[in-house]
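Trainee: how would this look folded up:
(one chain, ligands or ions: 2)
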Amino acid sequence: MAKVKTTFFCQNCGAQYAKWQGQCNSCKEWNTIAEEVVQKAEKTGWKAETPTAKRVAKPQRIQEIDTTRDARLNTKNNELNRVLGGGLVPGSLTLLGGQPGIGKSTLMLQIALMLPYKTLYVSGEESAQQIKMRAERINAEAENCFILTETKTQNIFKQIEAIEPDIVIIDSIQTLHSDYIESGAGSILQIRETTTELIKFAKETATPVILIGHITKDGNIAGPKILEHMVDTVLQFEGDRNHVYRILRAHKNRFGSTNELGIYEMQGSGLREVSNPSEILISKNDEELSGTAIAATLEGMRPLMIEIQALVSTAVYGTPQRSATGYNAKRLNMILAVLEKRAGFRLGAKDVFLNITGGISVDDTAIDLAVVAAILSSNEDIAVAKDICFAAEIGLAGEIRPVTRVEQRILEAEKLGFGTIMISKYCKIPKNNYGINIVKVAKMNDVVEWLFG
Ligand code: TYD
Ligand code: MG
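Mentor: Ligands and ions are numbered 1, 2, ... in the order given. Predicted coordinates for the structure are as follows:
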């Protein structure tokens, strides 16, 4: 009997070793190296019988390359289209990652059901009945959606040849296995091999393929980092699992910007697209409550109004607590120090809790001023008027700094019916007559004076 050949692979970065060791030399992770069975086999193309065409690629002039073939496929889902940069590119591989239960399968099935093209949804995780039940909940009419429950790539390709789908969705890449590799499904070698086969298939037939990928506890796509290098687009589906809103963003996109963001709401009947996110992120109570302020932020090219909530109270225990949800905790500490030093607020002995509602997290520094307003409002117990929003960064000297694309923020605030927006005095705005009152501030003291007189 032939000796079984094994090699050691880092499960994080895919580096290969002759023997086991505790730390990976290339990515420096500990305990990620595991033994896998390797077996050399004659590799063929994605088609089982015919080996890949022996076409030799020749250099082409860039003007001569035809891009009309690459017209994007509209997924009928505006949020997804925007995140992809305008639709699915033929022959592209898209990887969708996210925590278990976040709704990856739901989103993909929903898209498969809505697409006007022939779609093949391959599931290695659920039975056809389970998928049907889910489809019934989503309640979409589908004529062109095929479901295949199979995990062996060779069998999948056989079915693909038979039905010739326009789009293939794989749920999930970690369940697939190829005959050419001995080690188990979900191992580095299997993921690498099955992805390579799928890439070959996608590029040769110009069929877009969407892969669902599991992510590990620390938020990386399970399996090797190389998976992210191999595919064209990496999308991440995130959000608080107990919260109804889900955010789709691109971490890598060979065909578009990675700044775009899609928002969905999880309902009993699947995911609903949220086309005006500002409405959902701002709470709708009429009472004026202290400790909340609205920030005009941008997610990608899209302006977004978010509500910042702060709670400042006297510390009960010796050490005051500082906690920030959705906002950088270091930045919160910095802002508290600036308030203490430059505006004379004694916050050193107070507990400060900060929260961005809607379960989203934002790293736009333009929300600093709203953070300041929320903290001061809670500290003074005076509500900030509901129709004011803020867009400015705070500097260490207590100065109010300008932010990028301020006009877009002003226009969004105006559109949503805000009466006043507070920005930095140093912002250059092209015109002076907006339908919204613009308050320009330069120092922390101006802000305090304007808000609390
Ligand atoms: P799922 O798509 O199975 O998650 P993933 O594939 O990312 O692991 O999502 C399952 C969750 O979504 C589950 O907790 C139930 C919820 N859900 C709804 O709220 N409404 C629905 O219509 C569907 C299909 C699922
Ligand atoms: Mg799933």
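Trainee: For whichever residue of the stretch 201-350 of the chain sits closest to ligand 1, give me its contacts.
Mentor: Closest to ligand 1 within the stretch 201-350 of the chain is Gly270: 4.2 Å, counting by Cβ to the nearest ligand atom. For every residue, glycine as well, the C-beta is placed using N, CA and C. Contact partners of Gly270, counting by Cβ atoms under 8 Å, 6 or more residues apart in numbering, are 106, 110, 137-140.
Trainee: Tell me how far it lies from Ala140.
Mentor: Per Cβ to Cβ, to the nearest Å, Gly270 is found 8 Å from Ala140.
Trainee: who touches both of these two?
Mentor: By Cβ under 8 Å, 6+ apart, Gly270 and Ala140 have these common neighbours: Gln110.
Trainee: could you point out which element follows the helix or strand containing Phe390?
Mentor: Element membership of Phe390 [criterion: DSSP states H and E] is strand 388-391. Note on strand 388-391: by DSSP H and E, the next helix or strand toward the C-terminus is strand 393-394.
Trainee: of all the residues in this protein, which ones are close to ligand 1?
Mentor: Applying Cβ under 6 Å from any ligand atom, we find that the chain lies next to ligand 1 at 98, 100-106, 134, 137-138, 266, 268-270.
Trainee: and with 5 Å instead?
Mentor: Within the chain, the residues that sit near ligand 1 (Cβ under 5 Å from any ligand atom) are 100-106, 134, 137, 266, 270.
Trainee: So which of those residues belong to helices?
Mentor: If you go by DSSP state H, these have 104-106, 134, 137 in helices.
Trainee: Mind giving me the PyMOL select for those, buried ones only?
Mentor: The buried residues among those can be selected in PyMOL (16 or more other Cβ atoms under 10 Å) with this line:
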select buried, resi 104+105+106+134
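Trainee: Now for the residue of the stretch 351-453 of the chain found nearest ligand 1: which residues touch it?
Mentor: Nearest to ligand 1, among the residues of the stretch 351-453 of the chain, is Gly359, at 15.3 Å (Cβ to the nearest ligand atom). Listed by Cβ under 8 Å, 6+ apart, the contact set of Gly359 reads 239-240, 243, 245, 326.
Trainee: mind listing which of the residues you listed are in strands?
Mentor: Tyr245 (DSSP state E).
Trainee: Most neighbours out of the contacts of Gly359, which is it?
Mentor: Gly239 (22 neighbours; other Cβ atoms under 10 Å).
Trainee: what's the closest non-adjacent residue to that residue?
Mentor: Spatial nearest neighbour of Gly239, excluding adjacent residues (Cβ to Cβ, 6 or more residues apart in numbering): Arg246 at 4.1 Å.
Trainee: Kindly list the longest helix within the protein.
Mentor: helix 188-205.
Trainee: relative orientation of the helix or strand following that helix and helix 188-205 in degrees?
Mentor: Once the chain leaves helix 188-205, the next helix or strand it forms, by DSSP H and E, is strand 209-214. Per axes from the mean of the first three to the mean of the last three Cα atoms, to 10 degrees, the angle that strand 209-214 makes with helix 188-205 is 160 degrees.
Trainee: what's next to strand 209-214, contact-wise?
Mentor: 88, 92-97, 100, 104-105, 108, 167-174, 195, 198, 201-202, 221-223, 227, 231.
Trainee: related to what we said a few turns ago, would you mark the buried spots in the longest helix of the chain?
Mentor: Residues of helix 188-205 classed as buried: 188-202, 205 (neighbour count, 16+ other Cβ under 10 Å).
Trainee: Quickly name whichever of these is closest to ligand 1.
Mentor: Ile191 (17.7 Å).
Trainee: any idea of the pLDDT on that closest one?
Mentor: At Ile191, the model reports a pLDDT of 88.
Trainee: Surely it is in contact with Ser172?
Mentor: No - Ile191 is beyond contact range of Ser172, at 10.3 Å (criterion: Cβ atoms under 8 Å).
Trainee: Can you tell me the element Gln408 falls in?
Mentor: Per DSSP H and E: Gln408 is located in helix 406-415.
Trainee: what packs against that helix?
Mentor: strand 292-299, strand 302-314, strand 388-391, strand 420-424 (3 or more Cβ pairs under 8 Å, 6 or more residues apart in numbering; DSSP states H and E).
Trainee: quick revisit: farthest-apart pair in the contacts of Gly270, please.
Mentor: Thr106 and Asn139 (12.3 Å; Cβ to Cβ).
Trainee: name the element Gln236 belongs to?
Mentor: Counting by DSSP H and E, the element that carries Gln236 is strand 233-238.
Trainee: can you put the helices and strands packed on helix 406-415 in CSV and add mean pLDDT and mean neighbour count?
Mentor: Compiled in CSV, the helices and strands packed on helix 406-415 are given as follows (pLDDT from 0 to 100; neighbours: other Cβ atoms under 10 Å):
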stretch, mean pLDDT, mean neighbour count
strand 292-299, 90, 26
strand 302-314, 89, 20
strand 388-391, 94, 28
strand 420-424, 94, 22
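Trainee: will you turn those into a markdown table that also has distance to Ile212?
Mentor: Shown next, in a markdown table, are the helices and strands packed on helix 406-415 (distance: least, Cβ to Cβ, whole Å):
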| stretch | distance to Ile212 |
| --- | --- |
| strand 292-299 | 24 |
| strand 302-314 | 25 |
| strand 388-391 | 37 |
| strand 420-424 | 41 |
